[in-house]
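# need the 3D shape of this:
(2 chains)
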Amino acid sequence: MSDARSDIFARIREALKVKAPKPHLKGDGAPGKTSTVAKPWLPDGGETAEDSLTILAEQLAKLKAVLIRVPDHASAAKAVAELSVSKNWKKVAYHGHDLLRPVAAALTCENWEADASFDKQRLEGCDAGITTCESIVAQLGSILVSSTSSGGRALSILPHVHVVIAETSQVVPDLGAALALVKARHGTDMPSMLSFITGPSRTGDIERILVLGAHGPKELFLILVG
Amino acid sequence: MDDSKAIFLKDATVNAADGDQRAFINKALGGYYTNRDLQKARYRDWERARDAASMAKWSAVNDLANVLEKFVSNFERNGGVVHWARDAEEARVIILKIAEDVKAKAIVKSKCMTTEEIHLNDALEKAGYGVVESDLGEFIQQLRGEAPYHFVFPCMHVKREAISELFTKHLGTAPTDSPEELTMIARRHLRQLYIDADIGITGANFLVAETGQISITENEGNARLTAALPRIHIALSGIEKVVNHLDDLSVLLPMLATAGAGQPMTCYNTLYSGPRKKGECDGPEEFHLVLMDNARTRILADPEQRDSLHCIRCGACLNVCPIFKNIGGLAYGTTYQGPIGSVITPHLRGLKQWNHLSAASSLCGACTDACPVRIDLHHHLLRNRRNASKESPTLFDLAFHHGFTFVIKRPWLFALGGRIFRATLPLLQKLPLPYMGAWMKTRDLPKAPAQSFRDQWKNQNV
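Numbers count the residues shown, from 1 in each chain, chains lettered A, B, ... in the order given. A predicted model of the protein is given here:
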């Protein structure tokens, strides 16, 4: 008896002996396949860095994510410390990263480096998780985190609030640019998880009414430095 | 009449007469239409984007053997294990075997229609495993003991009062009429389950050949948690989900969100390349991917309908379908409802038993217009009707076809028939016509013209 794999491939090869016509395209030609080809038909991500920042701010507002722009890293630490007080956070976990350690140091509540001592029960009980990110997509308001830039898989999803600290230089115009950057940076050695986060966790499963904080963070803060 | 057809006719008739439920569904979809149109307007050219999405899927599906091989070799290099299943039974056996090998006690699942297709929960429960659906809609449907109503919005037909009652009964929570409070009840209940589960089961929306990653789209974060906390991750996917390039996702992900739910992008779009890597602090120790055929190669072998394998399961065709909106999702009796379900179910489960779904269509074409990957949906419904009548013609099909062929080949007979029909039409007006009762109740037969069309044509050209 042949194995399932060879059987399935044999079926595929047999099936594809008969060619199927190309789809009826309405545009003026087939699209490009590489990321160097612009896609001027998708939603706009901005021509200039300034345009992109404007679009990003609009998108985040619609998604009910909070954008806080600060001039430098010291102000970012101050902004997070203020948030922790106003939101009454008791426990905060953060990704062990040189830019985040000073942020954690400025906190007055209990805090720890999640990647150094990963404990899922402890992480579930914490109010906020602070991470860096790979890039930010202006076009869609998406923040790309990864298992290497964001303290593993759980830190950006399990705590009830997610705080991302990034620099304006990490903002890219569109999804294609973000994916190209991922390939350039990681090549064939990808982080085991890469996740585009587009606003706080949400559901519309009950009567199609939007509720934030279905299973992941109820609130999402992006602190943008520079 | 086959059982599936009899049940369909009965349920469809009952549901179509339930004005209250229809109004509820229409109201639920109202917000979707508004948001979808707002998001579509952000596309600088939606039609070009559809071209790109459709070509991305076309080029992968029409080169499936090579693209799949490339995907698998990249996926395995990243440390994941691939399993192959020719059909649903093989897929169930593979997953049960993994559960047994790792001595699983608790299993948490994120939304995956392919697992619905193979009735995985039943199999796991029969083998003694506790399995919990973590997507809110699927969780509600699991408690109700009911199949999903819509493959993207599983419990869109359930009113909040019923959900509150359900939670009171199963979870012992206080009644509430707030969707937010109901969501928070499920959130609190499920959080500990992710932490305790040994196995997390997910689906896959795309398999990226270039990088060997699988892409999962979701709004709630339950799939993220399912693939982060348990020590074993199992993903089940149909072989047709593969795409060539990572960059294909720059088109497909936003379009899936916009067409499916009226969003710019679904809340979490996550790429997994394997189990936890050296140096990473969390994530599963093992990552198993089950690649399943289950009749997909049968669709592939039909070049006319091959494009139905382009489907990205956005559900846009359901949301615009007048049949779906009137009879509801459960009446279909299928894993995949709406136009795409009517097209592919005959391939998955047999044309003779499921052709009635293709007949239950007004052929308005709204589905084809809505499809982000340009599947020729309403024509496929016609093709299913034609194929069914070729494969197993009914007596009526045979009599009508042969009778019509006989008459149309003899112009004198055709003319005679027309003359007799025109002469007897006034009589027919007064007779109760067999099988026409429902139609004639609100309609009158038109008056017969004095001359046949052929005579009028002849006279005009003299």
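# by mean pLDDT, point me to the weakest helix or strand of the chain.
The chain I'm using is chain A. The weakest-scoring helix or strand in chain A, judged by mean pLDDT, DSSP states H and E, is helix A:120-124 (a mean of 93).
# not quite, go with chain B.
Quick look at chain B via mean pLDDT, DSSP H and E: least confident is helix B:437-440, a mean of 76.
# and the next helix or strand past that one?
Toward the C-terminus, helix B:437-440 is succeeded by helix B:453-460 as the next helix or strand (DSSP states H and E).
# how about the least confident helix or strand of chain B as CSV, C-alpha atoms only?
What follows is helix B:437-440, C-alpha atoms only, in CSV (Å, rounded to 0.1, in the frame of the first residue of the first chain):
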residue,chain,number,x,y,z
GLY,B,437,-50.7,26.2,-7.0
ALA,B,438,-48.2,28.3,-5.1
TRP,B,439,-47.1,30.2,-8.2
MET,B,440,-50.6,30.8,-9.6
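# and whichever residue of chain A sits closest to chain B, what does it touch?
As assessed by C-beta to the nearest C-beta, chain B sits closest to residue A:216 within chain A, at 2.5 Å. All C-beta atoms are positioned from the backbone trio N, CA, C, and that covers glycine. Residue A:216 is in contact with A:157, A:158, A:162, A:200, A:201, B:220, B:221, B:224, B:225, B:267, B:268, counting by C-beta atoms under 8 Å, 6 or more residues apart in numbering or on different chains.
# Throw those residues into a markdown table and include distance to residue A:193 and pLDDT, thanks.
Putting the contacts of residue A:216 into a markdown table (distance: C-beta to C-beta, whole Å; pLDDT from 0 to 100) gives the following:
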| residue | distance to residue A:193 | pLDDT |
| --- | --- | --- |
| A:157 | 10 | 97 |
| A:158 | 13 | 96 |
| A:162 | 15 | 98 |
| A:200 | 19 | 98 |
| A:201 | 16 | 98 |
| B:220 | 17 | 97 |
| B:221 | 13 | 97 |
| B:224 | 8 | 98 |
| B:225 | 12 | 98 |
| B:267 | 15 | 98 |
| B:268 | 11 | 98 |
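# quick check, nearest of these to residue B:23?
Using C-beta to C-beta, residue B:220 comes nearest to residue B:23 of the contacts of residue A:216, at 27.2 Å.
# the least confident helix or strand of chain B: how far from the chain's middle?
33 Å (C-alpha atoms, centre = their mean, to the nearest Å).
# show residues contacting that helix.
B:432, B:433.
# low-confidence bits of chain B, can you list those?
B:1, B:461-462 (pLDDT under 70).
# strands of that one, start to end?
Along chain B, counting by DSSP state E, strands occupy B:81-85, B:106-109, B:130-133, B:199-202, B:206-208, B:213-218, B:232-238, B:242-243, B:268-272, B:286-292.
# ok, now chain A?
Under DSSP E, chain A gives strands at A:66-70, A:91-94, A:110-113, A:128-131, A:135-137, A:142-146, A:161-167, A:171-172, A:193-197, A:202-203, A:211-212, A:219-225.
# the fourth one pairs with which strands?
Here strand A:128-131 has these sheet partners by DSSP bridges: strand A:91-94 (parallel), strand A:161-167 (parallel).
# burial count for residue 131?
As the question left the chain open, I've gone with chain A. Here the number of neighbours of residue A:131 (other C-beta atoms under 10 Å in any protein chain shown) works out to 26.
# I was thinking of chain B, sorry if that wasn't clear
Residue B:131: 22 neighbours (other C-beta under 10 Å).
# before we move on, back to that, got the strands paired with strand A:128-131 as a markdown table, with mean neighbour count and distance to residue B:411 columns?
Compiled in a markdown table, the strands paired with strand A:128-131 are given as follows (neighbours: other C-beta atoms under 10 Å in any protein chain shown; distance: least, C-beta to C-beta, whole Å):
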| stretch | mean neighbour count | distance to residue B:411 |
| --- | --- | --- |
| strand A:91-94 | 24 | 86 |
| strand A:161-167 | 24 | 77 |
